[in-house]
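In: Pasted the sequence and its predicted model underneath.
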Amino acid sequence: MSNKPLNIGVVGAGYWGPNLIRNVSQSPNAVLHTVCDMDEHRLQKIKLDLKPLHITTDLNELLNNPEIDGVIVATPAETHHDIGMKVLAAGKHALIEKPLALSSQESHDLIAAAQDKNLILMVGHVFQYNASVLKLKEIIDSGEIGKVLYIYSTRVNLGKIRTDLNAFWNLAPHDISIINYLLDETPDRASGRGFNFLQPEQGVEDVVFAVLEYPNNTIAHIHTSWLDPNKIRRTTVVGEKKMVVYDDIGDNRITIYDKGAAWVEDTGNYGLHRLMTYTGDIHIPKIPAKEPLRSEIEHFFECITTGQTPVSDGHSGLGVVQVLEAVSKSIQQDGVSIEID
């Protein structure tokens, strides 16, 4: 990391923006140079609490400032492509919150623009910087649980209810990015069923169930909902040898179960085998406490300084958007499986 702090601008000070702004302001590797938002009241609060050098309601003022090295975009998803393209056109590195864009074509546009100007394009897939997810990947990659057979993920809660995006587009980018990261793969096919109970006229699904089919016959199931009595953030990985549960809001973030099923010789019938389940020890590894968003932000700064490719680069963002698109198409076609290019 260079000794000279980077000048960073942040666009968007709404729901998630203040968390990003706080982490930039606390980083020893960056200066919170400019915060841009259309709401003057929000800007004044940010100025009072986090003391950026500048605040503005004019995006062009931020983009045209030659002092700014990189820009973090935390605006509504439908603006990501337009603002992201402007940031890259201005010659500034970009970290864009999830999802990268609302279509594969828009994602390709952003990737091409960054490559054309040799700029960093990173996506805010914050769970790829989560210590528990990193530990889960380490366990999978070590071979301890054997081949991954299937993964199922639940991300449900009561609220926050959106009107612009359905529950899958709003919540599932986290789960898709986690599963793609764990498997080092993107799915070949996806299908989904969605149901709109609260906004049937708008066609905004409150509950979505999706199935992703990965190479090597690995399956993932994702359940998202903002209409549920319990807040659940849980991913279960079932392997040939062992199983692992990652609970993002539980006391034990990672639990490894020495459980499974295996073919054994049937002692009563020579030459024949039967399936037997087995249960062994339960192991709960210690996970270091570190804010994932801080790790994500610092990784962005490091990539700007060194030129290295981000863990959650534009292609990672594209892979997530392709799944979101495929599941959306499947929902519109009553759950048929959609091939992903």
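Out: In hand now; what should we look at?

In: mind checking how far residue 261 is from residue 200?
Out: Residue 261 sits at a distance of 42 Å from residue 200 (criterion: Cβ to Cβ, to the nearest Å). Using the backbone N, CA and C atoms, a C-beta is placed for each residue, glycine as well.

In: Kindly report the same for residue 186.
Out: For residue 186, the distance to residue 200 (Cβ to Cβ) stands at 32 Å.

In: These two: who's more crowded?
Out: With neighbours defined as other Cβ atoms under 10 Å, residue 186 and residue 200 compare such that residue 186 has more, 20 against 11.

In: excluding its backbone neighbours, what's nearest that one?
Out: With Cβ to Cβ, 6 or more residues apart in numbering as the criterion, residue 186 has its nearest non-adjacent residue at 4.3 Å, and that residue is residue 319.

In: What is the neighbour count of that neighbour?
Out: 23.

In: Then residue 127?
Out: Residues near residue 127, counting by other Cβ under 10 Å: 23.

In: got the contact list for it?
Out: Contact analysis of residue 127 by Cβ atoms under 8 Å, 6 or more residues apart in numbering lists 133, 174, 177-178, 181, 292.

In: do that again at 7 Å, thanks
Out: By Cβ atoms under 7 Å, 6 or more residues apart in numbering, the residues touching residue 127 are 133, 174, 177-178, 292.

In: try residue 164
Out: Going by Cβ under 7 Å, 6+ apart, residue 164 touches 76, 78.

In: in which helix or strand would I find it?
Out: Here residue 164 is covered by no helix or strand, with elements defined by DSSP states H and E.

In: Output the contacts of residue 127 in TSV; the columns should cover distance to residue 278 and secondary structure.
Out: Formatted as TSV, those follow (distance: Cβ to Cβ, whole Å; DSSP: H, G, I helix; E, B strand; the rest coil):
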residue	distance to residue 278	secondary structure
133	27	helix
174	33	helix
177	33	helix
178	28	helix
292	35	helix
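
In: Specify which member of those is nearest to residue 66.
Out: Distance ranking of those against residue 66, using Cβ to Cβ, places residue 292 first at 31.7 Å.

In: For that closest one, give its distance to residue 174.
Out: Noted for residue 292: a distance of 11 Å to residue 174, by Cβ to Cβ.

In: Can you pick out the residue with more neighbours from these two?
Out: Using other Cβ under 10 Å, the more surrounded residue of residue 292 and residue 174 is residue 174, with 24 against 17.

In: Pull the contacting residues for that one.
Out: Applying Cβ under 7 Å, 6+ apart to residue 174 gives the contacts 127, 155.

In: Okay, helices next: where are they in the stretch 1-150 of the chain?
Out: Assigned by DSSP state H, counting those that start in this stretch, the helices in the stretch 1-150 of the chain fall at 17-26, 40-50, 59-63, 80-89, 104-116, 131-142.
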